[in-house]
Structures are given as structure tokens and as C-alpha cells.
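Asker: Pasted the sequence and its predicted model underneath.
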Amino acid sequence: MTDWQYAVDVCDVPPGKAARVCVGGVRLAICNDAGRFVAVDDSCPHEGGSLGRGHVADGCVVCSVHHWPFDLKTGLTDPKMPMVRLKFHPCRVRDGKVYVDPSHPIPPRISDLIAE
């Protein structure tokens, strides 16, 4: 069962931006990738910098500390480093508000992991 909780208003996260939020005791980064909203753990898997303080470009959230880009579909920064991966959370937009389920992390989209 999904536990949808309010995270942020859509207008507070313009395209190309990320926002830091705390929902259900979990710190998240809500990323707006050209109108597609994605929720990930706020802590960068590289060294713990805030992803919510970074920016979003070319389908990636870019960490505010070391500027590593993390793909918002696969969660990877480099395919050769599969252990350094974002943790995703269910996210949806309804009536101008972003809702997330912080209690049930989800895997990246499997179809995006298949090499073309």
C-alpha cells in the first residue's frame, strides 16, 4: 500500500531545479526534469552532499558539492560504478502539488538500465 504524503508545490520547483524536503522523517530531493518530477534521497551517494541544493540538467540531478551528475532514470553517475546509485521514491503530481511515498524506496526503471 502506498503512503502518499505532500512534499512541495509544483510552482516551488521550476524546471531545472531541485528542492530539499523532509517527508515522514526522510530527507528527499524533489527534482524537476523539464516537467517530470522525480523524488530521490537528498543525500548524494558519493559523499553525502545535498542533491536538493543542486540543479537538474540533461536528465540528471547534479550534486551541489562535487558536481557529479546522477541520471534521474537509472540513478547512476557512471555505469562502471553501479554501487554509487540514487535511491528513488514513488512520486506523483496532483492538482499542482507533488506527493511522495518516503517509506517505500523503489528501484530505477528497469527499461532504462537495458543497454541499447
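Answerer: That came through fine. Numbering: from 1, shown residues only.
Asker: got a list of what Phe37 touches?
Answerer: 10, 13, 30-31, 91-93, 98 (CB atoms under 8 Å, 6 or more residues apart in numbering). Yep, even glycine has a C-beta here, placed from its N, CA and C like the rest.
Asker: now the helix or strand hosting it: how far from the chain's centre is it?
Answerer: Here Phe37 sits within strand 36-41, counting by DSSP states H and E. Relative to its chain's centre, strand 36-41 lies at 3 Å (CA atoms, centre = their mean, to the nearest Å).
Asker: for stretch 64-84, same thing?
Answerer: Worked out by CA atoms, centre = their mean, stretch 64-84 lies 11 Å from the chain centre.
Asker: got the end-to-end distance for it?
Answerer: Start and end residues of stretch 64-84 are separated by 16 Å (CA to CA, to the nearest Å).
Asker: Repeat that for stretch 6-15.
Answerer: 19 Å.
Asker: mean confidence for that stretch?
Answerer: Mean pLDDT, computed over stretch 6-15, is 98.
Asker: ok, residues contacting it?
Answerer: 19, 21, 23, 28, 30-35, 37, 39, 56, 91, 93, 96-100.
Asker: Need the buried ones from those residues selected in ChimeraX.
Answerer: Buried members of the contacts of stretch 6-15, defined by 16 or more other CB atoms under 10 Å, are picked up in ChimeraX with:
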select :19,21,23,28,30,31,32,33,37,39,56,91,98,99,100
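Asker: Okay, and which of the contacts of Phe37 map to strands?
Answerer: 30-31, 91-93, 98 (DSSP state E).
Asker: tell me the two of those residues that are most distant?
Answerer: Pairwise distances across the ones in strands among the contacts of Phe37 (CB to CB) peak at 13.9 Å, for the pair Cys31 and Arg92.
Asker: Closest to Gly52 out of the ones in strands among the contacts of Phe37?
Answerer: Out of those, the member with the shortest distance to Gly52 (by CB to CB) is Ile30, at 7.3 Å.
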